[in-house]
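Engineer: Have a look at this prediction, sequence included:
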Amino acid sequence: MKARLLIVLLLSCSVATAFAQEVQENIKVIFRDVRVHVTDGDGNPVRGLKLEDFSLTEAGNGQRIDFFEEVDLSQEVSKGTIYHKDGLVEDPDDRPVRASGKERSLVLFIDSSNMTKDAFEPFVETVHEFIDSSVVPGDLVKVVQFDERLEILSAFTSNKNDLHAAVDKAKYAGNMRNRLEAAERLVTDKFTDYLQPQVTNPFPGELEQIRDGLLLELEDAVRQKHSIKTGYYKAFESSLGYLARIFDQMSGSKSVYLFTGGQHVIDKSLVGTSKEVARLMNQSLNSSNVTVYTMIHLPQRPIGHSHRFTGRVRLDDETNPLRSLGLNSRPSEGTILEDTVELSTGPYKVTDGTGGIIQAAHKPQDIGSALKKFQTRANHYYRLGYSVDSPDKQTQIKIKLSDAYKNAKLSYGGTFNPVKTYLELKPQDRAIAFEASLQYTQSFRDDLDAQPGFRGFKHPVEKGDMIPVYLGLKVNQFPKNGYEIGFAALNAERGLIDLVRSTVKKDKHQTDFLLYDVLLPKAKPALLRFKIVNLDNGEESLLEVPYEREEKGETDFHISEMVFFGKSDREMVPLNHLRYNGTPEKDRPVMVDMRKHYDPLAMANYLFKPVATDNLFPAKEHHLFFQIRNMEKSIENYQIKYTLKRGGEQLPVEFQVKDAYQPKGFGNTYHFVGTFSGIDFDPGDYELMIEVVDDQADAGAQLQRTFSVAAK
């Protein structure tokens, strides 16, 4: 684990008790959690080192190591004994399993762009083997494939069956390899023409002119091939950068396992360089605490130091003809004009620069055996943790071992970008970070004192739920640049089921807002997350609440939910949800999207303002919304009854149905709006019972709800 840029945070308890959770605020100190591989001359892990064997400096300043741990993920431990509630004790499988260590997030990155076709299938089998042997319960793993662009094959999941199914989606194309082979044939042809110009009886000086022209054509062919490689590398860097922005929001150990093949861009060539791209990419990965491990298939070529063969052309101790054009850098790798020093530094650069381990196989049949050596080396490392003031520019660390281990090799990601705030990110990075934090961040905070709320409705026809979600917010002044707002529904494994995100700006000077939308998850979620960022100053709230609703039978006659609404002084701001208010009827159909159509709080002509909590404001009357499901008769055959109690005493309250609405596509479901009044609602706790019965009194449904009225 390279330097882990964790913001050190102060705890606060400003969130309402109903949403109590750990809340944190930034201060200008970061905690780096550095992953260090230590290997001997044969590349084997060096085990048993102690804290006193290491010393660490950042920007030349010695740092006290506050945390130290040796991690060996190859170590096997017993599964332990299973204890049942009835007293039964059993151990059904006494085979040892690998220790899982701390929370881990992994991406399995299948790079087939420059891989040979005969290596692709063995690599796919290797990834399957890696899942079976290395993924343990609690790991969050994502599968992606890269072939000129990144393709997401799975979400982060702990389910091995889902991971195997995702790997099986990977298909071989080898697009870059095919383009490179065509480009190399062109280079070979142009070089052949240059060496043996096709001209008979040239007049004086003509041959030199022809060769000068052919030399320019040769240079252009080499540049074309290099352009292909450079384009690949930039897309490769962009893909890893995208993953880094996601990893940045995740906790624990974070790694990319790169399964790749073929030759890549060298540091120097006739056109541009990959060195700067690699440096920036490595700093980004290090800053997100990501280590890259690489399994690579390198098909060997018969390349010597003084001569080489490419197709029908042989070059013996020939001076590079392109140097006559005055270019000082080395020719492009992978052509007949290449230097023989470096063959495949693309994956090497990102692996070395992040402190990872690389394992090469030169034949497809060697890939499986190489995996075992790869895992042995990658699974053992040391963690060194320390705190440091947050730097405002690029910084570097150096780690040394005591003299007793001076011959050992240390691998770690040592160069880091400064920590960027949300507002300092590029727009595309900001979008990725926002959505990833909604799904993965485990550090919650509440700078804005937001009040999250929701109501859960089972979808009456399809699988999944309909969940009105809202954030109550009091502000002195609405930010000039607005708020970035998001709501997300997650399953128990933090898998994303639904997400809505909006940027909202307001011209009004209102100070009390209800920011509203509706989630439509395809399955019942376990968690809801709420995020809002002030785009003027970067203050934010990120909150999580468990999702709960009462389970009802699919066909049972029942009241699904009761929602209080009102408070006229609160400005309701629908986000992706569009309102009908003030819209001519002829324009309304084009406004109906899925979230509008399936919002249980949307009636024919208006949308209710749900109360953020069950603590109501003092008023002469209070407003209710509720939903009745699976009615077998027409609405005229049902009566609505009510009972209101305070302190066990029934109150003479009056209830009146104001409106009823049957949405299309919801089956036998009705939405009801009503008010109850007739008494002074003194401050205190109340209990309300709503009951619906048919005219024969042989079918009924009821729902009970408690609420409080605040003091004036």
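Structural biologist: That came in fine, so what should we check first? Numbering: from 1, shown residues only.

Engineer: what's stretch 37-49 in contact with?
Structural biologist: 70, 72, 355-357, 376-378, 380-382, 401, 405, 407-412 (C-beta atoms under 8 Å, 6 or more residues apart in numbering). The way it works is simple: take the backbone N, C-alpha and C, and place the C-beta from them, glycine included.

Engineer: again, only this time at 10 Å
Structural biologist: 36, 53-54, 68, 70, 72, 74, 291, 293, 355-359, 373, 376-382, 399, 401-402, 404-405, 407-412 (C-beta atoms under 10 Å, 6 or more residues apart in numbering).

Engineer: among the residues you listed, which are in helices?
Structural biologist: 373, 376, 377, 378 (DSSP state H).

Engineer: these two touch, right, the last one and residue 258?
Structural biologist: The reference is to residue 378. No: counting by C-beta atoms under 10 Å, residue 378 stays clear of residue 258, with 11.4 Å between them.

Engineer: Overlap in contacts, these two.
Structural biologist: Common contacts of residue 378 and residue 258 (C-beta under 10 Å, 6+ apart): 293, 294, 295, 356, 358.

Engineer: Go through the residues you listed and name the one nearest residue 170.
Structural biologist: residue 295 (14.4 Å; C-beta to C-beta).

Engineer: Now that closest one: which helix or strand?
Structural biologist: strand 290-297 (DSSP states H and E).

Engineer: Next: residue 522.
Structural biologist: Here residue 522 is assigned to no helix or strand, by DSSP H and E.

Engineer: what's the neighbour count on it?
Structural biologist: For residue 522, the neighbour count with other C-beta atoms under 10 Å is 13.

Engineer: Could you check how far it is from residue 594?
Structural biologist: Distance from residue 522 to residue 594, counting by C-beta to C-beta, to the nearest Å: 12 Å.

Engineer: Can you list the low-confidence ranges for the stretch 201-350 of the chain?
Structural biologist: Where the stretch 201-350 of the chain drops to pLDDT under 70, the residues are 263-274, 300-345.

Engineer: Partner strands of the helix or strand encompassing residue 688 and their direction?
Structural biologist: For residue 688, the host element (DSSP H and E) is strand 684-694. Sheet pairing of strand 684-694 (DSSP bridges) gives strand 638-646 (antiparallel), strand 700-709 (antiparallel).

Engineer: which one of those strands lies closest to residue 244?
Structural biologist: strand 700-709 (46.8 Å).

Engineer: For the stretch 601-712 of the chain, give me the ranges with low pLDDT.
Structural biologist: 612, 697-699, 712.

Engineer: buried set for stretch 483-499?
Structural biologist: 483-491, 494-499 (16 or more other C-beta atoms under 10 Å).

Engineer: Quick one: distance of it to the chain centre.
Structural biologist: Here stretch 483-499 is found 11 Å from its chain centre; the criterion is C-alpha atoms, centre = their mean, to the nearest Å.

Engineer: And the average pLDDT for that stretch is what?
Structural biologist: Mean pLDDT, stretch 483-499: 91.

Engineer: again with stretch 525-538
Structural biologist: The average of the pLDDT scores along stretch 525-538 is 95.

Engineer: next one: it to chain centre, how far?
Structural biologist: Centroid separation for stretch 525-538 versus its chain: 15 Å, with C-alpha atoms, centre = their mean.

Engineer: what's the span of that stretch from first residue to last?
Structural biologist: 29 Å (C-alpha to C-alpha, to the nearest Å).

Engineer: nearest to residue 247, of the ones in helices among the contacts of stretch 37-49?
Structural biologist: Nearest to residue 247, judged by C-beta to C-beta, of the ones in helices among the contacts of stretch 37-49 is residue 378 at 17.2 Å.

Engineer: how far away is the closest one from residue 597?
Structural biologist: Counting by C-beta to C-beta - residue 378 and residue 597 are separated by 50 Å.

Engineer: More neighbours: the two, which one.
Structural biologist: Under the criterion of other C-beta under 10 Å, the comparison of residue 378 against residue 597 puts residue 378 first, with 23 against 14.

Engineer: wait, what's in contact with the more buried one?
Structural biologist: 37, 45, 73-74, 134, 255, 257, 291, 293-295, 356-359.

Engineer: between those, which is closest to residue 395?
Structural biologist: The closest of the contacts of residue 378, once distances to residue 395 are taken by C-beta to C-beta, is residue 291, at 18.3 Å.

Engineer: Could you chop this protein up by domain?
Structural biologist: 1-78+98-443, 447-709 (automatic domain parsing).

Engineer: So residue 659 belongs to a helix, correct?
Structural biologist: No: using DSSP: H, G, I helix; E, B strand; the rest coil, the assignment for residue 659 is strand, not a helix.

Engineer: Now it: closest residue in space, sequence neighbours ignored.
Structural biologist: Spatial nearest neighbour of residue 659, chain neighbours left out: residue 673 (4.4 Å); criterion: C-beta to C-beta, 6 or more residues apart in numbering.

Engineer: What strand or helix carries the one you found?
Structural biologist: strand 670-677.

Engineer: Also residue 109?
Structural biologist: strand 104-111.

Engineer: so what does that strand touch, helix or strand wise?
Structural biologist: Applying 3 or more C-beta pairs under 10 Å, 6 or more residues apart in numbering; DSSP states H and E, we find strand 104-111 packed against helix 117-134, strand 140-146, strand 150-152, helix 160-168, helix 206-247, strand 253-261, strand 290-297.

Engineer: quick one: the second one to strand 253-261, angle?
Structural biologist: Using axes from the mean of the first three to the mean of the last three C-alpha atoms, to 10 degrees, the direction of strand 140-146 lies 30 degrees away from that of strand 253-261.

Engineer: So what's the model's average confidence on strand 140-146?
Structural biologist: 95.

Engineer: Dump it to PDB, restricted to CA.
Structural biologist: Presented in PDB, the C-alpha positions along strand 140-146 are these (Å, rounded to 0.1, in the frame of the first residue of the first chain):
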ATOM      1  CA  LEU A 140     -14.800  -5.800  -3.000                       C
ATOM      2  CA  VAL A 141     -13.700  -6.700  -6.600                       C
ATOM      3  CA  LYS A 142     -14.400  -5.200  -9.900                       C
ATOM      4  CA  VAL A 143     -13.600  -6.700 -13.400                       C
ATOM      5  CA  VAL A 144     -12.800  -4.400 -16.400                       C
ATOM      6  CA  GLN A 145     -11.300  -5.000 -19.800                       C
ATOM      7  CA  PHE A 146      -9.300  -2.500 -21.900                       C
END
